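K.L.:
next come a sequence and a model predicted from it.
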Amino acid sequence: MKNFTINNPTILHFGKDVLKNLPKAANEFGNKVLLMYGKGSVIRNGYYQFVVDILRKENFTITEYSGIKPNPIVEDVEKAIETGIINKVDLIIALGGGSVIDTAKTTAVCIPENLNPWDVVKSKILPSKSLPVITILTLAATGTEMNPYAVIQNNRTNEKIGFGFPIMFPKHSFLNPEFTYSVPEDYTAYGITDIIAHAAENFFGNGSSPLADRFAASIIKEAMYYAPLVLDEPENYEYRANMLLQSTCALNGITAYGKSGGDWGVHSAGHILSLLYDMPHGATLSVAYPAWFKLQKSRIPDRLKTFATLIYDNPDIDEFISNTEKFFLSINCPVSLKSEGFADTEKNIIIKMMKQNKVTGNNYKLSENDITEFVELMFG
């Protein structure tokens, strides 16, 4: 087991009516709020007005930055930084899913010193300050509401990069399961895939920690159990609450205790598909994970047998991969690029971009030949 330190400073407010505590939480940091959100679903579903009314009632000054897309881009960060500096905001409130929160976290570490955000993402500049960030989550998927990481895409350089600093933990995160009722069926399913993938990435991290492995496996089994229930009854509070808690726990640290971080090779590959084709993040993971399992089955059979046994009570690796693919298909998530209409001519484009971005895992490294085989397996 690896040495580790536990320090998760995010205060999590979970359940119905928790937003009544939003003004008190925000008042810890100031009066001038930069409210960041996406392309309109929070307005259509009434969440935006609900939050704005709470803040205005307590006389907060609100500046807005909206239009953040599902695969967050550095241009939005650049514009949000400018907006925040001009309006001298004291804190950021992020209303939305992972893309909005990741954009807000990146913006927050750049505003105090007016840093170049892409230099921060690439760790060319190490920020020493951050504006406080409060998150209001509307999607069970990301886990970013309780960790210090973000993923940002740069279409100018053809890169999509995950990064993080300890100062990027949100100060408060508000999770009301009712705010996830309106998530469409496809994005609910993609979120479930993301939850499973986050737990799996940590399972395949470096280090031996049987308890952490069981935490990860339990989250995956819970997600698989609740998936058909929540898709069938999207406004069932208990189903949505359980899914939201699984999402947070998959990436708030507990699945990595005793390890030196997760592998993240599958996410690294999935980011390329999002970068090239704007493919939903969860859909990239349901394609990439079965392919990665096939790539690794003769290399790490013991580790895969342990994983298979914890998930399905069966150590057979081929059956494990088949069952996983069947699960993803049962919630209408793709398991091959060919089934999604990708032509064989796209293979070389994907391979080239994966090599250019040095796609690999932290624990299980991928050679250039591995990348080629990985892409072939993703096509099915």
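P.N.:
Received, thanks. Numbers count the residues shown, from 1 in each chain.
K.L.:
just the CA atoms of the helix or strand hosting residue 290, as PDB, please.
P.N.:
Assigned by DSSP states H and E, residue 290 falls within helix 281-296. Output in PDB follows, covering the C-alpha atoms of helix 281-296 (Å, rounded to 0.1, in the frame of the first residue of the first chain):
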ATOM      1  CA  HIS A 281     -17.600  12.200 -22.900                       C
ATOM      2  CA  GLY A 282     -19.600   9.200 -21.500                       C
ATOM      3  CA  ALA A 283     -20.000   7.800 -25.000                       C
ATOM      4  CA  THR A 284     -16.200   7.900 -25.600                       C
ATOM      5  CA  LEU A 285     -15.700   5.900 -22.300                       C
ATOM      6  CA  SER A 286     -18.200   3.200 -23.100                       C
ATOM      7  CA  VAL A 287     -16.400   2.700 -26.400                       C
ATOM      8  CA  ALA A 288     -12.900   2.800 -25.000                       C
ATOM      9  CA  TYR A 289     -13.200   0.700 -21.900                       C
ATOM     10  CA  PRO A 290     -14.100  -2.600 -23.500                       C
ATOM     11  CA  ALA A 291     -11.400  -2.000 -26.000                       C
ATOM     12  CA  TRP A 292      -8.900  -1.400 -23.200                       C
ATOM     13  CA  PHE A 293      -9.900  -4.500 -21.400                       C
ATOM     14  CA  LYS A 294      -9.300  -6.500 -24.600                       C
ATOM     15  CA  LEU A 295      -6.000  -4.900 -25.000                       C
ATOM     16  CA  GLN A 296      -4.900  -5.700 -21.500                       C
END
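K.L.:
for it, packing partners?
P.N.:
If you count contacts as 3 or more CB pairs under 8 Å, 6 or more residues apart in numbering; DSSP states H and E, helix 281-296 packs onto helix 185-203, helix 265-277, helix 317-330, helix 368-379. Where C-beta positions appear, they are placed from N, C-alpha and C, glycine not excepted.
K.L.:
can you check what angle separates that helix from helix 185-203?
P.N.:
40 degrees (axes from the mean of the first three to the mean of the last three CA atoms, to 10 degrees).
K.L.:
what comes up buried for stretch 141-161?
P.N.:
Neighbour counts over stretch 141-161 (16 or more other CB atoms under 10 Å) mark 141-154, 159-161 as buried.
K.L.:
no, scratch that, I was asking about stretch 233-242
P.N.:
234, 239, 240, 241, 242.
K.L.:
tabulate the CA atom coordinates of the helix or strand where residue 229 lies in CSV.
P.N.:
Applying DSSP H and E as the criterion places residue 229 in helix 210-232. Below are the C-alpha coordinates for helix 210-232, written out as CSV (Å, rounded to 0.1, in the frame of the first residue of the first chain):
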residue,chain,number,x,y,z
PRO,A,210,-8.0,-4.0,-1.3
LEU,A,211,-10.3,-1.8,0.6
ALA,A,212,-10.1,1.0,-2.1
ASP,A,213,-10.7,-1.7,-4.7
ARG,A,214,-13.9,-2.8,-2.9
PHE,A,215,-15.0,0.9,-2.7
ALA,A,216,-14.5,1.2,-6.5
ALA,A,217,-16.3,-2.1,-7.2
SER,A,218,-19.2,-1.2,-4.9
ILE,A,219,-19.7,2.1,-6.7
ILE,A,220,-19.7,0.3,-10.1
LYS,A,221,-22.2,-2.3,-8.9
GLU,A,222,-24.4,0.3,-7.4
ALA,A,223,-24.3,2.3,-10.7
MET,A,224,-25.2,-0.8,-12.7
TYR,A,225,-28.1,-1.6,-10.3
TYR,A,226,-29.6,1.8,-10.3
ALA,A,227,-29.1,2.5,-14.0
PRO,A,228,-32.2,0.8,-15.4
LEU,A,229,-34.2,2.1,-12.4
VAL,A,230,-33.3,5.8,-12.9
LEU,A,231,-33.7,5.6,-16.7
ASP,A,232,-37.2,4.1,-16.2
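K.L.:
check the offset of that helix from the chain's centre.
P.N.:
Distance of helix 210-232 from the chain centroid (CA atoms, centre = their mean, to the nearest Å) equals 16 Å.
K.L.:
next SSE downstream of the helix holding residue 290?
P.N.:
Toward the C-terminal end, the helix or strand that comes next after helix 281-296 (DSSP H and E) is helix 301-312.
K.L.:
hang on, the earlier thing: between the helices and strands packed on helix 281-296, which one is closest to residue 35.
P.N.:
For residue 35, the closest of the helices and strands packed on helix 281-296 is helix 185-203, at 22.0 Å, according to CB to CB.
K.L.:
let's test this: mean pLDDT of the closest one, rounded?
P.N.:
In this model, helix 185-203 has a mean pLDDT of 97.
K.L.:
from the contact counts, what lies against it?
P.N.:
helix 210-232, helix 237-250, helix 265-277, helix 281-296.
K.L.:
and the helices in the stretch 1-150 of the chain?
P.N.:
22-27, 41-44, 47-57, 74-86, 98-110, 117-121 (DSSP state H, counting those that start in this stretch).
K.L.:
those helices: which one's closest to residue 191?
P.N.:
Residue 191 lies closest to helix 98-110 among these, at 9.0 Å (CB to CB).
K.L.:
quick one: closest of the helices and strands packed on helix 281-296 to residue 309.
P.N.:
Nearest to residue 309 among those is helix 317-330 (8.7 Å), distances taken as CB to CB.
K.L.:
how far out from the middle of the chain is that closest one?
P.N.:
The chain centre lies 22 Å from the centre of helix 317-330; the measure is CA atoms, centre = their mean.
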